[in-house]
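**Student:** sequence plus the predicted model coming up.
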Amino acid sequence: MSTPFSTPFLSAFLPDLALLVLALVVLTTEIVFRKHQARWTARVAVAGLAAVLILLAALPLPSGGVAYAGYQVTRSVVVWKQLFALATLATILLSRSYFRNGHSLRGALANPGAFYGLLLFSTTGMFALVSARDLLTFYIGLELATLPLYALTALQPRNAGSIEAGSKYMLMGAFASALSLFGISFLYGAAGSLGFDALAKVASAQPSLSAQPFLLAGVLMLLGSLGFKLAMVPFQMWAPDVYEGAPTAVTAFLSTGSKAAAVAATTTLFLGPLNLPRIDLGAIFALAAVLSLLAGTLGAMRQSNLRRFIAYSSIAQAGYMLMAFTGGEGSEAAARIALQYNLLVYGTASFALFFVVSLVGRSAPETIPSLRGLSARSPALAALLALSLFSLIGIPPLAGFLGKFLLFAVAARNGHYTLIFIGALAVALSFYYYMRLLKEAYQPVQTAENRGAPASAVPLSPIRLSLAGKCAAALLAILLVVLGTCPGMLNFIASR
Amino acid sequence: MTPVSTFAYSAASNLLTLTWALPLASAAALALFPRQRVSAIRRFALAANTLNLILVAVLTVLFFKSPPVPNTSSGGTETMLAFAADHEWLSVLNVHYLIGVDAISITLMLLAAVILFSGTLASWTIGAPGGTGKVAALASSENGAKEFFILLQILAAGVFGCFISFDLFTFFVFNELTLIPTYLLIALFGSGRREYAAMKLTLILMGGSALIFLGIFGLYFESGIHSFSILELSQVRFHPDFQGWAFPVLFLGFGILGNMFPFHIWSPDGHASAPTAVSMLLAGVHMKLGAYGCLRIAMYLLPEGAGMWMNVFLIPAVVGVVWGGFVAVRQKDLKYMNAYSSVSHCGLVFVGLATLNLIGLRGAVLQMLAHGFITATVFAVIGMIYQRTHTRRIPDMSGLMRSIPFLSVVFVIAGMAALGLPGFAGFAAELNIFLGAFAAAGTLARMGAVLAVLSIIVSAIYILRAVNGVLHGPPKENAAVLSDAVPVEKIALLTLLAAILVLGLWPGPVVHRIDDALMPILNNLKR
């Protein structure tokens, strides 16, 4: 416990405070900037987030971390925050073009101040979530991270799909939120305190399940509520609809930043105070992993809408990540490393995919057939798509392989060999559905020579990337390869 | 945990790294070529693969001149590596870049290098106007040569990487690296139902990979030493319960890759649809990775499991030998015929492995080499005939001996080699396998040996029938316009034939070193 306003205290909490201030500032930019609101708001947000990232990386932290009241910051928590900030940064960069007219068939976004402000508030919530040291902070963080997302999903008021997605998301989210509150009240009843330390003491002291049914009820309810955020079966129903209806940048954030927050929250609780040595939660996680893999795999095979496809793919990816929670006692560090590394590479591949989707979506509906002829329209973009998909499948030497390998290794620790086999089979099947995208991209363009084939509805003009777009594509491609071949980033995460 | 220190670091290990780095680097360099410059692209690919052949040949000569000191102490179970190196790669999982070769891997690498070299020559017409490479999937005005050779080089890099890896993680990475190029090469450049065949092949092989993946994790965690090193794991005695399930998992996983009945179903479609060079590389080398993994990983690391399960695996192996032969008789397409003949001949590899004695194992390794060279030759010559006749159906061809005598003679020689005629590589291999199977204890092995020997008759039927139907008889009306092999094709075929003859007439030195390399595995099996 450190005193407020000492140096370690400041270095631990400054990034969070800075982010909060940034969110408030961004909200006001609409008043300050009369012209080019979207551009300037994005610039302020990007600059601010870059500053937060620098603060996170530069400020020294004592090896044991810093704790104050219900809030704590350790080195591994800082890695989570860096992941969230990176996801937000990438989302902002991706979203910029959507404020201009003619960059999406769904119409341009309005209210940049609200959009970026909400995004940053959600990120602040995520920061609080991973820093929580008691259930109250945890709940506040969870809600602050989720509530802005409902609004963001519905931020295209002229688009019925967006409104529908927003209301669905909010209704289901309210249910999940109620579930977590209910669960927290049970846990409070069992432990007599909201603090994680007290909770851990009670949890590890219970000789068996039946001795403390309140604990079990609380744990299961919290698991359900986090499962909703994770898009874990059986709480995955909202994902395809919301992913389809939300603005593209928000979908990207849901499948990366928000998913990272859900994984971080699950890690904070279930590899933390609720890592019950005598209750085999691993079996529940293993079952959820298998079901999520199954639902994601089967669902992704049949989709033609790209966003629904991505939703199912992200359900399957959640299935892989759930495998990290089956390691049992002593696997906490390995699981944390595997999850953080995996989220980094999954996020990179996802943003590469969304980058391609956003460019294709300028002139065509965001469907798989719209990808047809991409290799002719822009070979570089098609190559980026290929790299991203191979990484999502987990083909070495791309980053996704190492990420999956680490996750499977955690499950193997505890002897979950059947789970590993199912996971590896899911990888094999994922080759089938991810290749559907690539096949379309490398399909020859329809010409007069292909008689009998239906004329393509897709305009086949070449896609030209701006300089920033080229830089982003190159950066993503390099990251996908380098993260998988050079262990530097993994070693960095492992050292935290 | 004992550090790997049983060998001295040798500078030649950098050359070993170069065997996969060179194809990969050449793939990267090819990406920079403008796609219209087809001639430059294939010349560059040929140069890279020739250089690699020279490199591997030099390494082989170095190896045979001063082989690693064999582990003569009775019961020695440590594999002695030449050109070894060990660098830590991922400290989190104790993954090392641990490389080296013994006689088995260096000879298989030579096989790969020779086939890659001849395969490059055999695909000389890829991308040329009127060539057989069906690049419809790439827009037809464009040229596929660039993509073809890039993918071929990546496939080659994966194969070489596998043979030098003595770390399971690295081995798996290189093995997976071959999947995507294989898929794309068949799906983009193949013939017939190429997309179906490519997807079927890849999905089944990935299913096999899933089993291998599972086995590797089991080895890592159950060993108690948290290591992926084959050298370290070979000194661990795994619990019999673990071996009881892990051995079939690993053996099956590699068996799927190695074309074991009844999991061979990916191979006939895949090989028949693939372009010539890819068929050669897949059937000749890539499949051998499966048998190699069975021997080096499943049997070496889990010997007690091998003892428990080998009689079970003998049955599908023998069935594959006999059944593959009979199905080959029924085929009208030359490539399908050779693909099913491969099922039969790869079955012999597994019969050899199942004997669990020195003669049988030696025969299995020799059969990997022999079948690699022979099947590559047959696929090459079939591809060349197809380029001229535009058909692979036996009933549609006749009297080719008069119009294209060189290719026809090579076809006959390769056919005779596939029959296992003395003087060719296949004979030495099959003889050892049959002797090993007779020597093995148990009625089952002997019955298997009898059945497997009888399969030679079946192979005589389909090979002689094909030779007779395609080469003899009255020439078809278009025979006059057919031209015989061009020098590039002659070099490709003669290189392969030379390898078959050398291995058949002078197997002594190779056998000697292979026996040395098999001793640690055998001692593990006996422990």
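**Tutor:** Structure's in. What do you need?

**Student:** can you give me the strands for chain B?
**Tutor:** Listed in chain order, the strands of chain B (DSSP state E) span B:82-90, B:95-101.

**Student:** and the helices in the stretch 1-150 of chain B?
**Tutor:** When assigned using DSSP state H, counting those that start in this stretch, the helices of the stretch 1-150 of chain B occupy the ranges B:12-31, B:38-65, B:103-122, B:145-164.

**Student:** in JSON lines: these, plus distance to A:Phe390, mean neighbour count and mean pLDDT.
**Tutor:** For glycine as for every other residue, the C-beta is placed from the backbone atoms N, C-alpha and C. Output for the helices of the stretch 1-150 of chain B, formatted as JSON lines (distance: least, CB to CB, whole Å; neighbours: other CB atoms under 10 Å in any protein chain shown; pLDDT from 0 to 100):
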{"stretch": "helix B:12-31", "distance to A:Phe390": "15", "mean neighbour count": "19", "mean pLDDT": "92"}
{"stretch": "helix B:38-65", "distance to A:Phe390": "23", "mean neighbour count": "18", "mean pLDDT": "92"}
{"stretch": "helix B:103-122", "distance to A:Phe390": "23", "mean neighbour count": "26", "mean pLDDT": "94"}
{"stretch": "helix B:145-164", "distance to A:Phe390": "12", "mean neighbour count": "26", "mean pLDDT": "92"}
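
**Student:** need those in CSV (columns: distance to B:Tyr300).
**Tutor:** What follows is the helices of the stretch 1-150 of chain B, written out as CSV (distance: least, CB to CB, whole Å):
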stretch, distance to B:Tyr300
helix B:12-31, 20
helix B:38-65, 20
helix B:103-122, 11
helix B:145-164, 15
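
**Student:** residues in contact with whichever residue of the stretch 251-400 of chain B sits closest to chain A?
**Tutor:** Here the stretch 251-400 of chain B gets closest to chain A at one residue, B:Gly253, 9.8 Å apart by CB to the nearest CB. Shown in contact with B:Gly253 (CB atoms under 8 Å, 6 or more residues apart in numbering or on different chains): B:Gly208, B:Ser209, B:Ala210, B:Leu211, B:Ile212, B:Phe213, B:Leu214, B:Gly215, B:Gly293.

**Student:** again, 6 Å this time
**Tutor:** By CB atoms under 6 Å, 6 or more residues apart in numbering or on different chains, the contact set of B:Gly253 is B:Gly208, B:Leu211, B:Ile212.

**Student:** which residues touch the last one?
**Tutor:** The contact partners of B:Ile212, by CB under 6 Å, 6+ apart, come to B:Gly253.

**Student:** what do you get for the second one?
**Tutor:** Neighbouring residues of B:Leu211 by CB under 6 Å, 6+ apart: B:Val249, B:Leu252, B:Gly253.

**Student:** any idea how far B:Met519 lies from chain A?
**Tutor:** Taking CB to the nearest CB, to the nearest Å as the measure, B:Met519 falls 32 Å from chain A.

**Student:** same question for B:Asn52.
**Tutor:** Per CB to the nearest CB, B:Asn52 is found 20 Å from chain A.

**Student:** can I assume that residue is in contact with B:Leu22?
**Tutor:** Yes - look at B:Asn52 against B:Leu22 with CB atoms under 6 Å: they come within range, at 5.2 Å.

**Student:** intersection of neighbour lists for those two?
**Tutor:** With CB under 6 Å, 6+ apart as the test, B:Asn52 and B:Leu22 reach no residue in common.

**Student:** can you give me the strands for chain A?
**Tutor:** Secondary structure of chain A (DSSP E): strands at A:66-68, A:71-73.

**Student:** most neighbours per residue, which of these?
**Tutor:** Burial of those is given as mean neighbour count (mean count of other CB atoms under 10 Å in any protein chain shown); strand A:71-73 ranks first at a mean of 22.

**Student:** run through the residues of chain A sitting next to chain B.
**Tutor:** Within chain A, the positions near chain B by CB under 6 Å from any CB of the partner chain are A:395-396, A:412, A:417, A:420-421, A:424-425, A:428, A:431, A:444, A:487, A:490, A:494.

**Student:** from those, which two are the most distant?
**Tutor:** The most widely separated members of those, counting by CB to CB, are A:Pro444 and A:Ala494 (45.5 Å).

**Student:** okay, now residue 488: neighbour count?
**Tutor:** No chain was given, so I picked chain A. 10 (other CB atoms under 10 Å in any protein chain shown).

**Student:** looking at chain B here, not the other one
**Tutor:** By other CB under 10 Å, 14 other residues sit near B:Val488.

**Student:** same check on the one 10 residues further on?
**Tutor:** A count of neighbours around B:Ala498, defined by other CB under 10 Å, yields 12.

**Student:** and it, how close does it get to B:Ala460?
**Tutor:** 24 Å (CB to CB, to the nearest Å).

**Student:** next, give phi and psi for B:Ala485.
**Tutor:** Phi and psi for B:Ala485, reported as degrees, to the nearest 10, are phi -60, psi 140.

**Student:** by pLDDT, give me the weakest of the residues of chain A next to chain B.
**Tutor:** Model confidence across the residues of chain A next to chain B bottoms out at A:Pro444, which has 67.
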